[in-house]
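> Got a predicted structure plus its sequence, pasted below:
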There are 2 protein chains.
Amino acid sequence: MIRGVLSVLLLLGAVWSTFATPKQYIPKDGKRVPETLSRGWGDQLKWAQTYEEALYWSRSSNKPLMVLFHLEKCKHSQALKKKFANTYDIQKTLDEDFIVLNLMYETTDKHLTPDGSYVPRIIFVDPSMTVRADIVGRYSNRMYAYEEQDMQLLKANMEKAKKLLKQEL
Amino acid sequence: MIRGVLSVLLLLGAVWSTFATPKQYIPKDGKRVPETLSRGWGDQLKWAQTYEEALYWSRSSNKPLMVLFHLEKCKHSQALKKKFANTYDIQKTLDEDFIVLNLMYETTDKHLTPDGSYVPRIIFVDPSMTVRADIVGRYSNRMYAYEEQDMQLLKANMEKAKKLLKQEL
(Lines give C-alpha, C1' and ligand atoms only; values in the text may rest on other atoms or scores of the structure.)
Protein backbone atom coordinates (compact mmCIF):
# COMPACT_ATOMS: atom_id res chain seq x y z
CA MET A 1 0.00 0.00 0.00
CA ILE A 2 2.70 2.45 1.05
CA ARG A 3 4.75 1.37 -1.96
CA GLY A 4 1.81 2.08 -4.24
CA VAL A 5 1.31 5.57 -2.81
CA LEU A 6 5.02 6.27 -3.17
CA SER A 7 4.98 5.16 -6.81
CA VAL A 8 2.06 7.46 -7.60
CA LEU A 9 3.82 10.35 -5.84
CA LEU A 10 7.02 9.70 -7.80
CA LEU A 11 5.08 9.58 -11.06
CA LEU A 12 3.27 12.84 -10.23
CA GLY A 13 6.61 14.41 -9.37
CA ALA A 14 8.09 13.34 -12.70
CA VAL A 15 5.10 14.67 -14.67
CA TRP A 16 5.15 17.93 -12.70
CA SER A 17 8.85 18.53 -13.28
CA THR A 18 8.39 17.97 -17.03
CA PHE A 19 5.80 20.74 -17.17
CA ALA A 20 7.50 22.99 -14.62
CA THR A 21 10.92 23.15 -16.30
CA PRO A 22 10.76 25.90 -18.94
CA LYS A 23 12.27 25.22 -22.34
CA GLN A 24 15.71 26.82 -22.42
CA TYR A 25 16.70 28.86 -25.45
CA ILE A 26 19.81 27.57 -27.26
CA PRO A 27 21.03 29.51 -30.32
CA LYS A 28 21.05 27.72 -33.69
CA ASP A 29 24.85 27.82 -33.84
CA GLY A 30 25.14 26.07 -30.48
CA LYS A 31 25.38 26.94 -26.80
CA ARG A 32 27.53 29.97 -25.96
CA VAL A 33 29.85 30.64 -23.03
CA PRO A 34 28.67 33.90 -21.41
CA GLU A 35 31.11 36.82 -21.81
CA THR A 36 32.66 38.04 -18.56
CA LEU A 37 33.16 41.62 -17.42
CA SER A 38 36.87 40.84 -16.98
CA ARG A 39 37.33 39.86 -20.65
CA GLY A 40 40.53 38.12 -19.60
CA TRP A 41 42.19 41.13 -17.91
CA GLY A 42 41.96 39.52 -14.46
CA ASP A 43 39.17 37.11 -13.57
CA GLN A 44 39.64 37.70 -9.84
CA LEU A 45 39.02 41.45 -10.02
CA LYS A 46 35.64 43.10 -9.51
CA TRP A 47 35.24 44.98 -12.79
CA ALA A 48 32.82 47.86 -13.12
CA GLN A 49 30.58 47.61 -16.18
CA THR A 50 30.36 51.27 -17.23
CA TYR A 51 32.23 54.52 -16.63
CA GLU A 52 29.28 55.90 -14.64
CA GLU A 53 29.37 52.83 -12.38
CA ALA A 54 33.15 53.03 -12.00
CA LEU A 55 33.02 56.72 -11.06
CA TYR A 56 30.34 55.98 -8.47
CA TRP A 57 32.43 53.18 -6.92
CA SER A 58 35.57 55.31 -6.99
CA ARG A 59 33.90 58.24 -5.23
CA SER A 60 32.11 56.14 -2.64
CA SER A 61 35.15 53.99 -1.79
CA ASN A 62 37.71 56.82 -2.18
CA LYS A 63 39.84 54.59 -4.40
CA PRO A 64 41.44 55.68 -7.68
CA LEU A 65 40.02 54.28 -10.91
CA MET A 66 41.95 52.59 -13.71
CA VAL A 67 40.24 52.72 -17.10
CA LEU A 68 41.70 50.35 -19.65
CA PHE A 69 40.76 50.67 -23.33
CA HIS A 70 41.42 47.67 -25.54
CA LEU A 71 40.20 45.72 -28.56
CA GLU A 72 39.89 41.98 -29.13
CA LYS A 73 41.39 42.28 -32.61
CA CYS A 74 44.38 44.41 -31.55
CA LYS A 75 47.61 42.43 -31.17
CA HIS A 76 49.13 44.99 -28.80
CA SER A 77 46.04 44.83 -26.57
CA GLN A 78 46.19 41.04 -26.48
CA ALA A 79 49.92 40.96 -25.65
CA LEU A 80 49.43 43.54 -22.88
CA LYS A 81 46.41 41.64 -21.54
CA LYS A 82 48.33 38.38 -21.22
CA LYS A 83 51.11 40.01 -19.22
CA PHE A 84 48.73 42.23 -17.22
CA ALA A 85 46.48 39.33 -16.16
CA ASN A 86 49.49 37.24 -15.13
CA THR A 87 51.40 39.86 -13.15
CA TYR A 88 50.69 39.08 -9.51
CA ASP A 89 51.62 42.52 -8.09
CA ILE A 90 49.47 44.40 -10.58
CA GLN A 91 46.44 42.17 -9.97
CA LYS A 92 46.80 42.26 -6.17
CA THR A 93 47.18 46.03 -6.00
CA LEU A 94 44.28 46.59 -8.39
CA ASP A 95 42.05 44.31 -6.34
CA GLU A 96 42.91 45.92 -3.03
CA ASP A 97 43.39 49.59 -3.86
CA PHE A 98 41.68 50.38 -7.17
CA ILE A 99 38.38 50.44 -8.98
CA VAL A 100 38.84 48.83 -12.41
CA LEU A 101 37.03 49.21 -15.71
CA ASN A 102 37.93 47.81 -19.13
CA LEU A 103 36.19 49.16 -22.23
CA MET A 104 36.18 48.25 -25.91
CA TYR A 105 34.11 51.27 -26.93
CA GLU A 106 34.83 54.92 -26.17
CA THR A 107 32.61 56.85 -23.78
CA THR A 108 31.15 60.27 -24.56
CA ASP A 109 33.51 61.85 -21.98
CA LYS A 110 36.30 63.67 -23.82
CA HIS A 111 38.50 63.73 -20.72
CA LEU A 112 39.22 60.05 -21.33
CA THR A 113 40.83 60.82 -24.71
CA PRO A 114 43.49 63.41 -23.75
CA ASP A 115 45.56 62.57 -26.85
CA GLY A 116 43.23 60.42 -28.94
CA SER A 117 41.31 57.16 -28.77
CA TYR A 118 43.95 54.54 -29.57
CA VAL A 119 44.27 51.12 -27.86
CA PRO A 120 45.67 49.80 -25.62
CA ARG A 121 45.40 52.88 -23.41
CA ILE A 122 45.32 53.22 -19.62
CA ILE A 123 43.90 56.30 -17.93
CA PHE A 124 43.80 56.89 -14.19
CA VAL A 125 41.00 58.87 -12.54
CA ASP A 126 41.16 60.32 -9.02
CA PRO A 127 38.18 59.72 -6.66
CA SER A 128 37.57 63.48 -6.97
CA MET A 129 36.63 62.57 -10.58
CA THR A 130 39.70 64.30 -12.00
CA VAL A 131 41.34 62.49 -14.92
CA ARG A 132 45.05 62.10 -14.05
CA ALA A 133 46.40 63.28 -17.42
CA ASP A 134 49.77 63.65 -15.67
CA ILE A 135 50.22 59.88 -15.25
CA VAL A 136 51.71 58.74 -18.54
CA GLY A 137 53.56 55.83 -20.12
CA ARG A 138 56.85 55.96 -22.02
CA TYR A 139 55.64 56.89 -25.51
CA SER A 140 55.49 60.57 -26.34
CA ASN A 141 53.19 60.14 -29.35
CA ARG A 142 50.70 57.95 -27.44
CA MET A 143 51.10 59.10 -23.90
CA TYR A 144 48.72 56.60 -22.27
CA ALA A 145 49.85 53.50 -24.18
CA TYR A 146 51.62 50.63 -22.40
CA GLU A 147 53.26 47.52 -23.79
CA GLU A 148 53.82 44.15 -22.17
CA GLN A 149 57.36 45.09 -21.11
CA ASP A 150 56.07 48.17 -19.22
CA MET A 151 54.74 46.39 -16.12
CA GLN A 152 57.22 48.10 -13.78
CA LEU A 153 56.31 51.53 -15.11
CA LEU A 154 52.63 50.66 -14.83
CA LYS A 155 53.13 49.59 -11.21
CA ALA A 156 54.97 52.85 -10.48
CA ASN A 157 52.14 54.80 -12.09
CA MET A 158 49.61 52.92 -9.98
CA GLU A 159 51.52 54.05 -6.90
CA LYS A 160 51.30 57.64 -8.17
CA ALA A 161 47.55 57.27 -8.66
CA LYS A 162 47.21 55.98 -5.09
CA LYS A 163 48.49 59.33 -3.79
CA LEU A 164 45.10 60.99 -4.04
CA LEU A 165 44.68 64.59 -5.13
CA LYS A 166 43.29 66.84 -2.45
CA GLN A 167 39.55 66.89 -2.90
CA GLU A 168 38.14 70.36 -3.37
CA LEU A 169 35.10 70.72 -1.16
CA MET B 1 72.17 5.39 -19.03
CA ILE B 2 69.06 6.37 -21.01
CA ARG B 3 67.07 6.22 -17.76
CA GLY B 4 69.54 8.59 -16.14
CA VAL B 5 69.26 11.11 -18.99
CA LEU B 6 65.47 10.88 -18.87
CA SER B 7 65.46 11.52 -15.13
CA VAL B 8 67.62 14.61 -15.55
CA LEU B 9 65.37 15.88 -18.36
CA LEU B 10 62.27 15.31 -16.23
CA LEU B 11 63.86 17.15 -13.32
CA LEU B 12 64.86 20.06 -15.56
CA GLY B 13 61.33 20.14 -16.94
CA ALA B 14 59.87 20.30 -13.44
CA VAL B 15 62.23 23.10 -12.38
CA TRP B 16 61.52 25.04 -15.59
CA SER B 17 57.74 24.79 -15.25
CA THR B 18 58.00 26.07 -11.66
CA PHE B 19 59.75 29.21 -12.88
CA ALA B 20 57.81 29.60 -16.11
CA THR B 21 54.28 29.51 -14.66
CA PRO B 22 53.46 32.94 -13.27
CA LYS B 23 52.01 33.04 -9.76
CA GLN B 24 48.27 33.58 -10.09
CA TYR B 25 46.61 36.14 -7.86
CA ILE B 26 43.88 34.73 -5.61
CA PRO B 27 42.03 37.16 -3.29
CA LYS B 28 42.34 36.64 0.47
CA ASP B 29 38.66 35.76 0.74
CA GLY B 30 39.00 33.00 -1.85
CA LYS B 31 38.72 32.50 -5.58
CA ARG B 32 35.86 34.36 -7.27
CA VAL B 33 33.61 33.39 -10.14
CA PRO B 34 33.92 36.12 -12.82
CA GLU B 35 30.76 38.24 -13.28
CA THR B 36 29.10 37.85 -16.67
CA LEU B 37 27.69 40.57 -18.89
CA SER B 38 24.35 38.74 -18.87
CA ARG B 39 24.00 38.94 -15.07
CA GLY B 40 21.44 36.16 -15.33
CA TRP B 41 19.12 37.87 -17.84
CA GLY B 42 19.95 35.34 -20.58
CA ASP B 43 23.32 33.62 -20.75
CA GLN B 44 22.88 32.79 -24.45
CA LEU B 45 22.44 36.42 -25.55
CA LYS B 46 25.27 38.66 -26.74
CA TRP B 47 24.99 41.54 -24.28
CA ALA B 48 26.52 44.92 -25.03
CA GLN B 49 28.60 46.30 -22.17
CA THR B 50 27.76 50.02 -22.39
CA TYR B 51 25.10 52.26 -23.94
CA GLU B 52 27.67 53.65 -26.41
CA GLU B 53 28.52 50.11 -27.52
CA ALA B 54 24.84 49.13 -27.77
CA LEU B 55 24.02 52.20 -29.88
CA TYR B 56 26.91 51.40 -32.19
CA TRP B 57 25.73 47.80 -32.64
CA SER B 58 22.13 48.89 -33.13
CA ARG B 59 23.03 51.40 -35.83
CA SER B 60 25.45 49.15 -37.65
CA SER B 61 23.15 46.10 -37.61
CA ASN B 62 19.90 48.09 -38.06
CA LYS B 63 18.35 46.22 -35.13
CA PRO B 64 16.35 47.86 -32.33
CA LEU B 65 17.95 48.05 -28.89
CA MET B 66 16.41 46.91 -25.60
CA VAL B 67 17.87 48.60 -22.52
CA LEU B 68 17.00 46.91 -19.27
CA PHE B 69 17.63 48.67 -15.95
CA HIS B 70 17.72 46.48 -12.85
CA LEU B 71 19.28 46.04 -9.42
CA GLU B 72 20.57 42.95 -7.65
CA LYS B 73 18.89 43.96 -4.40
CA CYS B 74 15.48 44.72 -5.95
CA LYS B 75 12.93 41.93 -5.52
CA HIS B 76 10.89 43.05 -8.51
CA SER B 77 14.01 43.01 -10.70
CA GLN B 78 14.89 39.52 -9.53
CA ALA B 79 11.37 38.16 -10.12
CA LEU B 80 11.27 39.71 -13.60
CA LYS B 81 14.77 38.39 -14.38
CA LYS B 82 13.83 34.80 -13.52
CA LYS B 83 10.79 34.87 -15.82
CA PHE B 84 12.58 36.86 -18.54
CA ALA B 85 15.57 34.50 -18.69
CA ASN B 86 13.31 31.46 -18.84
CA THR B 87 10.85 32.65 -21.48
CA TYR B 88 11.92 30.95 -24.69
CA ASP B 89 10.14 33.34 -27.10
CA ILE B 90 11.59 36.44 -25.49
CA GLN B 91 15.13 35.05 -25.48
CA LYS B 92 14.93 33.77 -29.07
CA THR B 93 13.55 37.02 -30.46
CA LEU B 94 16.07 39.10 -28.52
CA ASP B 95 18.93 36.97 -29.80
CA GLU B 96 17.82 37.10 -33.42
CA ASP B 97 16.32 40.56 -33.83
CA PHE B 98 17.59 42.84 -31.05
CA ILE B 99 20.66 44.38 -29.52
CA VAL B 100 20.49 43.93 -25.73
CA LEU B 101 21.98 45.85 -22.83
CA ASN B 102 21.34 45.46 -19.11
CA LEU B 103 22.50 48.16 -16.70
CA MET B 104 22.56 48.57 -12.93
CA TYR B 105 23.69 52.20 -13.07
CA GLU B 106 22.04 55.05 -14.95
CA THR B 107 23.76 56.60 -17.95
CA THR B 108 24.19 60.35 -18.41
CA ASP B 109 21.62 60.28 -21.25
CA LYS B 110 18.36 61.78 -19.98
CA HIS B 111 16.37 60.23 -22.83
CA LEU B 112 16.65 56.90 -21.01
CA THR B 113 14.74 58.27 -18.00
CA PRO B 114 11.52 59.58 -19.62
CA ASP B 115 9.61 59.28 -16.31
CA GLY B 116 12.35 58.66 -13.75
CA SER B 117 15.09 56.18 -12.92
CA TYR B 118 13.22 53.34 -11.19
CA VAL B 119 13.93 49.61 -11.67
CA PRO B 120 13.04 47.30 -13.29
CA ARG B 121 12.57 49.41 -16.39
CA ILE B 122 12.74 48.50 -20.08
CA ILE B 123 13.34 51.13 -22.75
CA PHE B 124 13.46 50.46 -26.47
CA VAL B 125 15.68 52.47 -28.80
CA ASP B 126 15.31 52.57 -32.59
CA PRO B 127 18.44 52.07 -34.76
CA SER B 128 17.97 55.73 -35.73
CA MET B 129 18.98 56.35 -32.07
CA THR B 130 15.47 57.55 -31.16
CA VAL B 131 14.25 56.42 -27.74
CA ARG B 132 10.84 54.77 -28.26
CA ALA B 133 9.05 56.57 -25.41
CA ASP B 134 5.79 55.42 -27.03
CA ILE B 135 6.41 51.74 -26.17
CA VAL B 136 5.14 51.41 -22.60
CA GLY B 137 4.08 48.79 -20.07
CA ARG B 138 0.77 48.65 -18.16
CA TYR B 139 1.54 50.95 -15.24
CA SER B 140 0.63 54.61 -15.67
CA ASN B 141 2.85 55.81 -12.81
CA ARG B 142 5.92 53.89 -13.99
CA MET B 143 5.37 53.66 -17.70
CA TYR B 144 8.42 51.50 -18.53
CA ALA B 145 8.10 49.03 -15.66
CA TYR B 146 7.28 45.37 -16.30
CA GLU B 147 6.46 42.58 -13.90
CA GLU B 148 6.94 38.85 -14.29
CA GLN B 149 3.33 38.37 -15.43
CA ASP B 150 3.81 40.89 -18.28
CA MET B 151 5.72 38.63 -20.68
CA GLN B 152 2.98 38.72 -23.34
CA LEU B 153 2.84 42.51 -23.24
CA LEU B 154 6.64 42.64 -23.39
CA LYS B 155 6.62 40.33 -26.43
CA ALA B 156 4.00 42.53 -28.12
CA ASN B 157 6.12 45.61 -27.37
CA MET B 158 9.16 43.91 -28.85
CA GLU B 159 7.16 43.37 -32.05
CA LYS B 160 6.32 47.11 -32.03
CA ALA B 161 10.00 47.95 -31.63
CA LYS B 162 10.86 45.70 -34.59
CA LYS B 163 8.78 47.94 -36.86
CA LEU B 164 11.56 50.46 -37.31
CA LEU B 165 10.95 54.18 -37.51
CA LYS B 166 11.82 55.70 -40.85
CA GLN B 167 15.37 56.91 -40.63
CA GLU B 168 15.80 60.56 -41.43
CA LEU B 169 18.74 60.93 -43.75
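Nice, I can see it. Just so it is clear, the model here is predicted, and its values are computed rather than measured. Numbers count the residues shown, from 1 in each chain, chains lettered A, B, ... in the order given.

> Backbone dihedrals for the spatially most central residue of chain A, both of them.
When Cα atoms, centre = their mean is applied to chain A, the residue found nearest the centroid is residue A:47 (3.6 Å). Dihedral pair for residue A:47: phi -80, psi 140, per degrees, to the nearest 10.

> what's the distance between the nearest residue to it once chain neighbours are set aside and residue A:31?
Nearest residue to residue A:47, sequence neighbours excluded (Cβ to Cβ, 6 or more residues apart in numbering or on different chains): residue A:37, at 4.1 Å. Where C-beta positions appear, they are placed from N, C-alpha and C, glycine not excepted. Counting by Cβ to Cβ, to the nearest Å, the separation of residue A:37 from residue A:31 is 20 Å.

> sec struct for residue A:144, please.
Here residue A:144 is recorded as coil under DSSP: H, G, I helix; E, B strand; the rest coil.

> That one reaches residue A:115, doesn't it?
Yes - checked against Cβ atoms under 8 Å, the pair residue A:144 and residue A:115 is within contact range at 7.0 Å.

> Those two - which one has more neighbours?
residue A:144 (25 against 14; other Cβ atoms under 10 Å in any protein chain shown).

> Show me what the closest residue to the more buried one other than its chain neighbours is bridged to.
Spatial nearest neighbour of residue A:144, excluding adjacent residues (Cβ to Cβ, 6+ apart): residue A:121 at 4.5 Å. Here residue A:121 sits in beta bridges with residue A:69, going by DSSP bridges.

> In terms of pLDDT, where does residue A:121 sit?
pLDDT, residue A:121: 98.

> Tell me which residues touch residue A:62, please.
Residues counted as contacts of residue A:62 (Cβ atoms under 8 Å, 6 or more residues apart in numbering or on different chains) are A:127, A:164.

> anything in the one helix or strand residue A:100 maps to near chain B?
Using DSSP states H and E, residue A:100 falls within strand A:99-103. Yes - Strand A:99-103 comes into contact with chain B (Cβ under 8 Å from any Cβ of the partner chain), by way of residue A:103.

> Quick one: neighbours of residue A:125, just the number.
Using other Cβ under 10 Å, residue A:125 has 25 neighbouring residues.

> Tell me the spacing between it and residue B:32.
Using Cβ to Cβ, we find residue A:125 at a distance of 24 Å from residue B:32.

> Run through the residues that contact the residue nearest to residue A:144.
By Cβ under 8 Å, 6+ apart, the neighbours of residue A:121 are A:68, A:69, A:142, A:144, A:145.

> try 10 Å
Residue A:121 is in contact with A:67-70, A:77, A:103, A:106, A:112-115, A:137, A:142-146, counting by Cβ atoms under 10 Å, 6 or more residues apart in numbering or on different chains.

> my guess is residue A:93 contacts residue A:159, does it?
Yes - here residue A:93 reaches residue A:159: they are 8.3 Å apart, a contact under Cβ atoms under 10 Å.

> Specify which residue of these two has the higher count of neighbours.
Between residue A:93 and residue A:159, counting by other Cβ under 10 Å, residue A:93 is the more crowded of the two (17 against 12).

> If you tally nearby residues, what's the number for the residue lying closest to that one once chain neighbours are set aside?
Counting by Cβ to Cβ, 6+ apart, residue A:158 is the residue found nearest to residue A:93 once chain neighbours are left out, at 5.7 Å. Neighbourhood size, residue A:158 [other Cβ under 10 Å]: 20.

> tell me which strands and helices the helix or strand containing residue A:158 is in contact with?
Per DSSP H and E, residue A:158 falls inside helix A:151-162. Using 3 or more Cβ pairs under 10 Å, 6 or more residues apart in numbering or on different chains; DSSP states H and E, the elements in contact with helix A:151-162 are strand A:65-69, helix A:75-85, helix A:88-97, strand A:121-125.

> highest average neighbour count across the ones you listed?
For the helices and strands packed on helix A:151-162, average neighbour numbers computed from mean count of other Cβ atoms under 10 Å in any protein chain shown are highest in strand A:65-69, which has a mean of 25.

> the inter-axis angle of that strand versus helix A:151-162?
On the basis of axes from the mean of the first three to the mean of the last three Cα atoms, to 10 degrees, strand A:65-69 is oriented at 140 degrees to helix A:151-162.

> so strand A:65-69 versus strand A:121-125, what angle?
Using the same axes, to 10 degrees, the inter-axis angle of strand A:65-69 relative to strand A:121-125 is 160 degrees.

> How far off centre is strand A:65-69?
8 Å (Cα atoms, centre = their mean, to the nearest Å).

> before we move on, what about stretch A:49-59?
11 Å.

> Same check on stretch A:54-71?
Centre-to-centre, stretch A:54-71 and its host chain are 10 Å apart (Cα atoms, centre = their mean).
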